[in-house]
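> Whatever this is, show me its structure:
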Amino acid sequence: MGNALSWLMKTFHWEKIPPASYRPLRGTRAELAAVCSRTREQAAAFARRHAIPRVFTDYRALVESPDVDVVDICATTDSHHEIAIAAAPHIK
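From the prediction side, this is the model:
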């Protein structure tokens, strides 16, 4: 807990992009704690490649998780707003 980040993936092409933007956080207290995708297999494969400990298939469960402090929404424009609204009550 504390400074745990999460990465939400919406479509398969995101799965191919490494979380390079998080590299500057290495060696800090922040960690990439979870990934979310509608397809468990794709999220699990991405999590294995990048040593991410938790996988979600429902963004609502991810934003409600007490282990996640910050959510980076990497989703298409049509769903970004919905996910952001879901995360807001959890101050993420």
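
> quick one: the strands in the protein?
In the chain, the strands defined using DSSP state E lie at 4-9, 31-36, 54-56, 70-74.

> Go through those strands and name the closest to Phe46.
Phe46 sits nearest to strand 31-36 of all the strands of the chain, at 5.6 Å, using Cβ to Cβ. Bear in mind the C-beta positions are built from the backbone N, C-alpha and C, glycine included.

> Tell me which residue of this protein is furthest from the middle?
When distances to the mean C-alpha position of the chain are computed (Cα atoms, centre = their mean), the maximum falls on Gly27, with 19.4 Å.

> any idea how far it is from Ser21?
15 Å (Cβ to Cβ, to the nearest Å).

> And Val35, by the same measure?
Remark: distance between Val35 and Ser21 (Cβ to Cβ) = 14 Å.

> got it, and Phe46?
On the measure of Cβ to Cβ, Phe46 and Ser21 end up 15 Å apart.

> Fine by me, thanks again.
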